[in-house]
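Visitor: model this:
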Amino acid sequence: MGTVTFFGAKEIQSKLQMQSAESEIIRDIAGLPALSFDFNDDFVQQDCYMEDSEDHKSSNNDQDNVQLQWAIIDFQTPVYCPLNSLIIGSRLDTDIQANTCRLAFSGKLIEKFDPVHDMKRIRFYSRKERTGTICKLGDPFKRADDGKVVRYEVFGSDLFKKETNMTQFIGLHLETDVGDIGVIQSSFGTSGKFKMYFPSGTTAKNGDALYLRFKRYLNDPDKKIRQDSVLPSERVGARLEQDTKTNGKKTTKRVGTIVNTKGDSENSLYHSVIVEGLFTPQENIREVVGSKISVVGTDQVGAIDGPFGKAGKCKVTFTEGVSVDAIGRKVELIFIK
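Guide: Predicted coordinates:
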């Protein structure tokens with residue numbers, strides 16, 4: 001008598017598909033593929049024996065018509081069983097009067113296993129998914145390589161609670177419905193919203209879904225969030241500017257973002273902030289020192305002091321000051337041509 005734990009059906013199927021694409025699969029005398037077990041492999045947590053999939057049922061090869069999977073057999077009493085022995089499992093609890101086959105599975109022994117110590121070595125994991133929503137889009141850019149209008153900066157909501165500590169989620173990847181992958185950069189405000197960056201841009205729109213997909217390992221005491229996704233390469237674009245008419249003159253409105261404060265606060269207000277997105281690294285910001293900018297949606301007005309670093313950022317002074325909540329807010333600069 002023994003207890004059987006099944007796992008690895010998905011991983012074995014993927015491994016065999018890769019092998020068959022490269023060369024013919026080597027099988028033993030029982031028709032089983034020659035596979036070795038590796039404790040460093042990851043395995044989706046499996047609750048039961050997996051029945052044959054539709055892919056297996058439609059196969060023309062009888063040897064491929066069985067859903068292969070790993071099995072841990074924990075015997076109630078010691079049993080002499082040399083490696084490579086053939087194992088046949090029976091359903092001993094089946095009604096002996098029923099007209100059914102009592103054979104449950106068959107296979108071969110390939111690895112010694114101590115359930116007390118080795119069970120913790122197996123990397124079982126379960127897939128998790130959380131869904132959020134795009135609540136705000138950053139400035140539009142025309143991507144250089146294909147001409148599409150994309151956003152590199154996106155703001156999301158409905159993924160975290162108001163009291164959630166965002167520190168543990170910064171750096172995680174989120175995916176859109178069309179497969180664009182971005183990274184969480186920071187919180188946005190105090191209501192659980194967050195700011196994301198898409199290196200290659202995204203065509204997602206306001207109200208579209210954002211997916212946080214990750215893995216949790218069964219034996220991980222820290223319950224860390226782990227992801228397989230990889231951020232795409234950078235795909236640069238040119239900012240699209242909006243042209244309007246003011247008193248018969250053509251004006252160009254530029255939109256940037258407050259990314260940080262500068263200096264000490266006074267009565268919880270900061271008089272200097274750092275803004276990005278208004279200029280490219282090639283533009284000479286010193287030529288527009290003193291130009292006024294306004295915080296979108298408010299009556300707060302500041303003036304450009306000069307460049308900050310070499311990435312197109314600038315330093316802006318607000319005489320009346322702004323609170324730390326201003327980080328992440330949009331600002332506007334208007335040029336009169």
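
Visitor: Check the secondary structure at Lys15 for me.
Guide: Assigned with DSSP: H, G, I helix; E, B strand; the rest coil, Lys15 falls in the helix class.

Visitor: Tell me how far the residue lying closest to it once chain neighbours are set aside lies from Asp42.
Guide: Nearest-residue entry for Lys15: Leu35, 7.0 Å, with adjacent residues in sequence omitted and distances by C-beta to C-beta, 6 or more residues apart in numbering. Placement of C-beta: from N, CA and C, glycine included. As judged by C-beta to C-beta, to the nearest Å, Leu35 and Asp42 stand 16 Å apart.

Visitor: what's the average pLDDT for stretch 263-279?
Guide: Averaging pLDDT along stretch 263-279 gives 90.

Visitor: Show which residue of this protein lies farthest from the average position.
Guide: Distance from the C-alpha centroid of the chain, by C-alpha atoms, centre = their mean, peaks at Gln97 (53.0 Å).

Visitor: low-scoring stretches of the stretch 51-200 of the chain, by residue?
Guide: Scanning the stretch 51-200 of the chain with the threshold set as pLDDT under 70 gives 52-65.

Visitor: Now do the strands for it: every range, in order, please.
Guide: In the stretch 51-200 of the chain, the segments counted as strands under DSSP state E, counting those that start in this stretch are 70-75, 86-90, 103-108, 123-137, 140-143, 149-157, 173-176, 181-188, 193-202.

Visitor: Ok, which of the ones you listed comes nearest Gln17?
Guide: Proximity to Gln17, assessed across those by C-beta to C-beta, is greatest for strand 70-75 (16.7 Å).

Visitor: What residues sit buried inside the closest one?
Guide: Trp70, Ile72, Ile73 (16 or more other C-beta atoms under 10 Å).

Visitor: Note down every partner strand of it and its orientation.
Guide: strand 2-7 (antiparallel) (DSSP bridges).

Visitor: Now do the strand it pairs with: distance to the chain's middle.
Guide: Between the centre of strand 2-7 and the centre of its chain there are 32 Å (C-alpha atoms, centre = their mean, to the nearest Å).

Visitor: Just the residues contacting that strand, thanks.
Guide: 43-46, 48-50, 69-76, 79, 89, 105, 122, 124 (C-beta atoms under 8 Å, 6 or more residues apart in numbering).

Visitor: Kindly recompute the last result at 10 Å.
Guide: 43-50, 67, 69-77, 79, 87, 89, 104-105, 115, 119, 122, 124 (C-beta atoms under 10 Å, 6 or more residues apart in numbering).

Visitor: what pairs with Ser106 across the strands?
Guide: Under DSSP bridges, the beta-bridge partners of Ser106 are Ile88.

Visitor: that's a helix at Glu11, yeah?
Guide: Yes. Glu11: assigned to a helix according to three-state DSSP.

Visitor: any idea how far it lies from Arg27?
Guide: Separation of Glu11 from Arg27 (C-beta to C-beta): 18 Å.

Visitor: And Gly237, by the same measure?
Guide: 53 Å.

Visitor: ok, these two, which is more surrounded?
Guide: Each of Gly237 and Arg27 has its neighbours counted (other C-beta atoms under 10 Å); Gly237 has more, 21 against 11.

Visitor: Test my guess that the more buried one contacts Gly138.
Guide: No. If you go by C-beta atoms under 10 Å, Gly237 and Gly138 don't touch, sitting 11.6 Å apart.

Visitor: list the residues that contact both of the two?
Guide: By the contact definition C-beta under 10 Å, 6+ apart, Gly237 and Gly138 are jointly contacted by Val150, Arg151, Tyr152.
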